[in-house]
Each structure stands twice: as structure tokens, then as C-alpha cells.
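**Q** sharing a sequence plus its predicted fold:
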Amino acid sequence: MFCFVLLVFSLFQLTPALPVYQKHLLSCCESADLVNNCLNTIKESETEADAEMATGDLEPTHFPARRAAKVALHYINTQHGSPFKVFGLQTVHKARAEAVETGGRKYNLDFSVINWANEGSGLLSCTAEVFFPQNGPPEVQYNCDGLQKVNFTSEETDFLQKYREPESPLTAQYIPDSYGNMTDEMKPFWHLARVAASFIMLRESSEKTELNMAQVANITQQVTHENELKLNYYVLLHDMPSQEIIHWKLLMSWSPDGGVRVLNSEWQPKCPHDVPPNDNNTEPVSN
Amino acid sequence: MKLYLYQAIFTLLVCEGLIKGDQVFRIHAETEDHLEVLNKLKGNRELDFWTDGISTALPVDIRVPHASLYAVKKFLNGKKIPFTVMINNVQELLDKEKAEMRKNAAMESSSKIFNFTTYHTLDEIYSWMDTLVAAHSNVVSKVDIGKSYENRPMYVLKFSTGGAGKPAIWIDAGIHAREWISHATAVWIANQIATDFASKRAPVPKILGVMDIYMLIVANPDGYVFSHTSPNELYRFWRKNRSVTSNPKCRGVDINRNWDAEFGTPGASDDPCAEDYRGPSANSEIEVKNMANFIVNNANFKSFITLHSFKQLLMYPYGYTGKDTPDKSELHSVALSAANALKSWHGTVYQVGSIFSTIEQASGASIDWAYNRGIKYSYAFELRDTGTYGFLLPADQIVSTSRETWLAIKYIMNYVCDKL
């Protein structure tokens, strides 16, 4: 039903020649055989250790600690990310996990972080507490030494000025391309996509996922008269445990003072049998 | 007649391209036919060719005017010529790209050397294999170990100084189609083994004096081709093979969940639409059958190494359980030393551990099968990076990744050799 609606909607709403990514979605749905048993959700990995998740001191190089640290980083990026600031995990030094009496589990972590948007810059040292409730998205508290000092104000201001009121709205596809290439001009937009995607990844994370942004399929700028950039993104996320590629559309805004805000996000089915994640994912993500 | 046809196509204004402005198409010619088509297109004055040379080794860039976008795309898709759309900022790109392409074309035409600094198609890799064998026929030969699901050959390069039943090392790459850096690294390493042998560079002559090395560079040829040539660019991320499954909407089995190693237990999916679909039964996939049969029936393997990406991990069995293998402590310490050797090249840090603990539980995995058959030194590499580019690792990292990985593999091979 969903695909039929999408098909009809597209016929009336869109010009005949669709962007590559939308055309392929449609071609998948056009031949839809909706009667099938396939579910393509982020698979809950049935691990042997399901009943007893790693507790106490954790081996920092093993996945439970790493997954929790990445969740902390998603949160840090939602708070601090910009076209010139995207934080990635360098190493987990220490980690502990324990069950919480009222339900859920929490991790305490000690880890170092780099700015992917400024390679060659030093490591930041962080601690965080990540709480995975029984239901709902994880909650993070953190502290990073020197985070406030990571400053790109003048680059950010210049960037905003350059793209704020363009002659024609920016549009681009496949960043990076299949060969890992992108122009220097596209890098800040790539970083912004990752920051915006962090809102989604944070919300969709659990102890059984390890989410990353694989590629930006499409960017379209939305012209605005505010002092900010407004961008539509189609992003491809990758989940390590299930190895799935998950598609999301989102609309975000950014300004040097306001940071990144995701105004709308919508899960995209890869194929007709796709089932959306449990959360209500069509509401604006609040920050 | 044909020229008129091409002209006619480009005067078609079927519909407005949704992407405004001119675009630059990057075209990857893969066959002689493609080259012929491209050469003919050069006669069309509307198309602005940025690349002087036309070859299969280098991409051909063409600036296509806005009005012709739809027609050109349709034409290229009809001819099954793979291409990617560059961004809509033609002027800025112009100078930078043009200079780079001229430099590459000059290099390529002057040296006629295989370009290790770029990703190659299956056809290019297969034709390079033949040139490697021809250039080092005293030590390298090519073995056909069987056909893929779509009937493509699977070739193993055998490095041997002769003699039957020698202890051997197995290295494979490309089990997962989208992990392009694994194929590229394997190509570089194969070349390095041959050239190190030729220049008598330690420890390769010593190792080949006592052991044979077998390298399967593209373990999943159908998937690899699909990730290059699917008209749907989102399938750059194809992982599995291309076999038809019980679900007509979903093809492909994860061939690293199809081995006969606790097949069917948690750590893989039984849903044909899942990326880690195990397949209907252990060894159901022809690619796995070919590999497993070859390993069982040939040589006396002492080490089994498989290359994947990404995550920067060096892992040993098991994937299907958290229980340690009896050899865990030796496997761990060899891996630590190998990871240190790797790090010495460029500072790249790898984590070391079992598959189960570093990634997650995985059943039907190749190194578990190999280990349980008595091939003690079984390792899986997850190459660069840790997520910045992920599967889309830029080509300018191929050689650096290859060099560091070679240091680790050399360490393992040398260790295994000394232990004989």
C-alpha cells in the first residue's frame, strides 16, 4: 500500500525525470509483490550472550564498549557538530557496564576522540555515561577536555556567507562517490550530513546496533531568508551487526550560533517489504 | 548511419533533467565495445570530453549540457556503460580535474604499468592477472577453481617454486562485494610477492622455498561486478553473491555465513532479504563450494587469511561462539605482533581479538571452518578505515593500506613458515 501511494504521489507531485535515487526506489516498488514474509528491519542479533550481556569491567577493544562509545559520540556530534567539526572514536581506554535497578543498562566510558573534519588535529580525552533504557533512545552525559577550545568560528561564518543566498540552490549526489572521491567544496556538506545523521543514529541506537553514515546519496539546498543554511539530505546509514544499509531522508538547518537542528526525518524503505523501525520516525527530531 | 543515430539521440528533449545545470559524467569503460562507443561519442560537438585518452584503466569525464542529460543517461544505461554523476559545480572542477586526468593519462601511456592507485573492474583485474603470470611465470600460475553463480571464472594465483604437497598459505579477498579495498590490496600484495621473489627480498624467497601461496583475489565475482555496474548507484553497497533465493525480490547469500561451521546457529539470518543471509544450507553457494573443495583437495594448508573491510581489526576464530579456541593465546600473540608490524608503516591502529568479541557472533564464517579443519593460523582482516569513508575508501589510500597490510601478512607467513 505504501509503495502504491508513493508511486501515485510521485506521478502527481514530481516532474517526469526523477533524481536517480528516487527513480530506483520507485522501480523497486513498481514491481512490488507485497505479499511476502520478508522483514528487513535492523536485525536484532541473537547472540549467545543475550541473557547475560557483558557487565562489570569491559574489554575496551571488544564491541560492547565500542558500541557504547559510538553512541556517546553521536550525542556529542548533535551538540557540537558543524561543517568543520565531526567527532569520531579513536580508542576506548576503559569501560564498565552495569544493569540499572529501575531497568535498562548503563555504561561508563573513558575514550579518546578525533575531529574527522580536521585530521592532524590532536586527540580529545572524554568520559561519558551512556544509559540504554529498556524502551526508548539512549541518554548520554559526557565531558571532553578541550572540546570548547575546538573553534572554527571564522571558517563557519565564511561558509555560511558563501552559501546563504545562492544564485541557484546547491544540489549534489553521491558524496563521496563509489570511488571515495569528493571535491573539497563538498566536504563541509558531507560533515554536516554526518552531524544531522547523528540525531537519527542516536535515536536508533541500542546495545545491538553500531551505526555509521555510509554515504550521502543526495543534497538539495532549500533557500531560506534566515541567517542559516537549510538542506535536504538523503543519507545511507550502515549498521555493523546486521550489515544493513538503511536509508533516511532528512531536512536540517545549521548556523554557527544555532548549531545543527534536524527539522524532519523520514525512514525510506529499500524495497517494498521493508518495515520501519519501531520508533515513530516521522516526527521532527527534537533537540 | 550510426553517427546519425547518436546525433538524433542527443537532440531529443524528452524531459527536463531534475538536476539543474550542466553535469559532468564520469564514465568507466570496461570493454572494447564501450571504448568504441565512447570514441564515436567524441564526434558529438555537444559533449565536452575532458579526458584526452580513452582507455579502460582511467575514467572518462564528459561535460553534458543540461538539455541532454536525460538522453545521455538513458543512452549510457542502454549500452550498459557504467558512469557516475559528478557534482554540479563544473567551473571549479574543470581546472582541477583536467590537470589530474592529463597527468594520469600521460603516466599511463608512457609506462604501460598497471595502475595500483585506482580501483579496477573485474575484467581489468583478470587481465592484469594474466600479465602477472606472464611476467613471473617461473613462480606464478593461474588456477581456475570453478565458476560463480553467474558463470564467471574464479581464479586463484598460485605462487610456487615447484614440488607437490607443500605446506601452503591461503589468502582470499572480495568475499563481500562492496569491500573494494580488499580486492585492491590483494592485487597489490600479489604483485609484491612476485616482485619480492624476483628481487630475492626476504622473507619471500625463504617462504616460497618451503611453502606455496594461493591467492583468490575476487572470491565473489558476481557481487563485485554488480557493485560496479548496477544501474542503481545505491548498489555500490551490495554485499552478497547474486544467487536467486527463495524470495524473488531478494537475491544473494552472504558467502561468509555459508561455510560449514556451525551453520544455522545464531550469528546469521535465515531471511533471504537480509545482508547476512546464510543461504538454504551449508555450502549451498557455488562460490563457497569452489573454495572449500579446492582447499580440501589441494595442498596442505597451514594458514588461512581472508581480507575484508572496514573497521581495522585483525581477528581469529571463533565467530560462532565466545568460547576460546585451544590455540587462542598463540593466535592472539601472533596477531598482536602482526598488528604492530602493520602499524609501523603509517601508524594505523588495528584491534585484535576473536570475531565473536570484536564484531559480534557470526556463524558459518570461513575462518571458523578453516580452523576446525585443522588450519591453525586462520585470520580475518578488516582493513581501513574505522568509519569516516567506510566502504568508500578513497583510491589514494590503496597503496598505503596495501603496504601496511603486507607487513602484517608477511609477519604471519614468516611465523607459520618458521614453525613448520
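**A** Done, it's in.
**Q** ok, now how distant is A:Asn264 from A:Tyr174?
**A** 22 Å (C-beta to C-beta, to the nearest Å). For every residue, glycine as well, the C-beta is placed using N, CA and C.
**Q** of these two, who's got more company?
**A** Per other C-beta atoms under 10 Å in any protein chain shown, whichever of A:Asn264 and A:Tyr174 has more neighbours is A:Tyr174, with 25 against 13.
**Q** pull out the buried residues from the helix or strand encompassing the more buried one.
**A** A:Tyr174 is located in strand A:171-175, with elements delineated by DSSP states H and E. Buried positions in strand A:171-175, judged by neighbour count with 16 or more other C-beta atoms under 10 Å in any protein chain shown: A:Thr171, A:Ala172, A:Gln173, A:Tyr174, A:Ile175.
**Q** same thing with stretch B:35-54?
**A** Buried residues in stretch B:35-54 (16+ other C-beta under 10 Å): B:Val37, B:Leu38, B:Leu41, B:Asn44, B:Leu47, B:Trp50, B:Thr51, B:Ile54.
**Q** element containing residue 163, please.
**A** Since you didn't name a chain, this refers to chain A. Using DSSP H and E, A:Tyr163 falls within helix A:153-164.
**Q** ah, no, chain B please
**A** B:Gly163 is part of no helix or strand when elements are defined by DSSP H and E.
**Q** how about whatever residue of chain A ends up closest to chain B, nearest residue that isn't a chain neighbour?
**A** Nearest to chain B in chain A, going by C-beta to the nearest C-beta, is A:Gly180, at a distance of 3.3 Å. In space, A:Gly180 comes closest to B:Pro394 once its chain neighbours are excluded; the distance is 3.3 Å by C-beta to C-beta, 6 or more residues apart in numbering or on different chains.
**Q** and that neighbour, what does it touch?
**A** If a contact means C-beta atoms under 8 Å, 6 or more residues apart in numbering or on different chains, then B:Pro394 has A:Pro176, A:Tyr179, A:Gly180, A:Asn181 as its contacts.
**Q** can you list those in a markdown table and add distance to A:His62, pLDDT and neighbour count?
**A** Listed next are the contacts of B:Pro394 as a markdown table, based on distance: C-beta to C-beta, whole Å; pLDDT from 0 to 100; neighbours: other C-beta atoms under 10 Å in any protein chain shown:
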| residue | distance to A:His62 | pLDDT | neighbour count |
| --- | --- | --- | --- |
| A:Pro176 | 30 | 97 | 21 |
| A:Tyr179 | 33 | 96 | 20 |
| A:Gly180 | 28 | 96 | 22 |
| A:Asn181 | 34 | 96 | 19 |
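**Q** which ones among those are found in strands?
**A** With strands defined by DSSP state E, no entry of these lies inside them.
**Q** now for these, which pair is the farthest apart?
**A** A:Pro176 and A:Tyr179 (7.5 Å; C-beta to C-beta).
**Q** measure B:Pro280 to B:Asp271 for me?
**A** Here B:Pro280 is placed at a distance of 12 Å from B:Asp271 (C-beta to C-beta).
**Q** who has more neighbours out of these two?
**A** B:Asp271 (21 against 14).
**Q** residue numbers of the stretch 151-300 of chain B in contact with chain A?
**A** Within the stretch 151-300 of chain B, the positions near chain A by C-beta under 8 Å from any C-beta of the partner chain are B:227-228, B:231-234, B:236-237, B:239, B:247-250, B:254, B:266-267, B:269, B:271-276.
**Q** just the buried ones from these?
**A** Buried residues within these, defined by neighbour count using 16+ other C-beta under 10 Å: B:227-228, B:231, B:233-234, B:236-237, B:239, B:247, B:249-250, B:254, B:266-267, B:269, B:271-276.
**Q** narrow these to those in helices?
**A** Per DSSP state H, helices hold the following members of these: B:Ser227, B:His228.
**Q** the helix holding A:Tyr163: how far from the chain's middle?
**A** 23 Å (C-alpha atoms, centre = their mean, to the nearest Å).
**Q** so which bits of that helix are buried?
**A** Counting neighbours by 16+ other C-beta under 10 Å, helix A:153-164 gives A:Glu155, A:Glu156, A:Phe159, A:Leu160, A:Tyr163, A:Arg164 as buried.
**Q** including distance to chain B and pLDDT, could those go into TSV?
**A** Below are the buried residues of helix A:153-164 laid out as TSV (distance: C-beta to the nearest C-beta, whole Å; pLDDT from 0 to 100):
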residue	distance to chain B	pLDDT
A:Glu155	18	96
A:Glu156	20	97
A:Phe159	15	97
A:Leu160	18	97
A:Tyr163	12	96
A:Arg164	17	92
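**Q** what does the helix or strand that contains B:Ala292 rub up against?
**A** Using DSSP H and E, B:Ala292 sits in helix B:286-297. Residues outside helix B:286-297 that contact it (C-beta under 8 Å, 6+ apart) are B:143, B:145-149, B:154, B:156, B:170, B:172, B:216, B:219-220, B:241, B:243, B:255, B:258-260, B:283, B:301, B:304, B:366, B:369-370, B:373, B:375.
**Q** quickly list what's touching both of A:Pro176 and A:Tyr179.
**A** The contact sets of A:Pro176 and A:Tyr179 overlap at B:Leu392, B:Pro394 (C-beta under 8 Å, 6+ apart).
**Q** OK, contacts around the closest residue in space to A:Asn232 that isn't next to it in sequence?
**A** In space, and not counting its chain neighbours, A:Asn232 is closest to A:Thr220: 4.4 Å by C-beta to C-beta, 6+ apart. Contacts here follow C-beta under 8 Å, 6+ apart; on that basis A:Thr220 touches A:Pro169, A:Leu170, A:Thr171, A:Leu231, A:Asn232.
**Q** just to check, the second one is in contact with A:Gln222?
**A** No. The criterion here is C-beta atoms under 8 Å, and A:Leu170 misses it with A:Gln222 at 9.9 Å.
**Q** when you check chain B, which of the buried residues of strand A:171-175 turn up near it?
**A** When contact is defined as C-beta under 8 Å from any C-beta, the buried residues of strand A:171-175 meet chain B at A:Thr171, A:Ala172, A:Gln173, A:Tyr174, A:Ile175.
**Q** how about the residues you listed in a markdown table, adding pLDDT and distance to A:Pro137?
**A** Formatted as a markdown table, those follow (pLDDT from 0 to 100; distance: C-beta to C-beta, whole Å):
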| residue | pLDDT | distance to A:Pro137 |
| --- | --- | --- |
| A:Thr171 | 96 | 31 |
| A:Ala172 | 97 | 30 |
| A:Gln173 | 96 | 30 |
| A:Tyr174 | 96 | 29 |
| A:Ile175 | 97 | 27 |
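**Q** now the residue nearest the centre of chain A. Nearest residue, chain neighbours left out?
**A** The centroid of chain A falls nearest to A:Ala197 when counting by C-alpha atoms, centre = their mean (2.4 Å). Excluding its sequence neighbours, the residue lying closest to A:Ala197 (C-beta to C-beta, 6+ apart) is A:Met213, at 4.6 Å.
**Q** just the element for that neighbour, please.
**A** strand A:211-221.
**Q** equivalent analysis for B:Cys417, please.
**A** If you go by DSSP H and E, B:Cys417 is part of helix B:398-418.
**Q** now do A:Lys249
**A** Counting by DSSP H and E, A:Lys249 is part of strand A:245-255.
**Q** now check that strand, is it near chain B?
**A** Yes. Against chain B, strand A:245-255 shows contacts by C-beta under 8 Å from any C-beta at A:Ile245, A:His247.
**Q** please consider this matter closed, and thank you.
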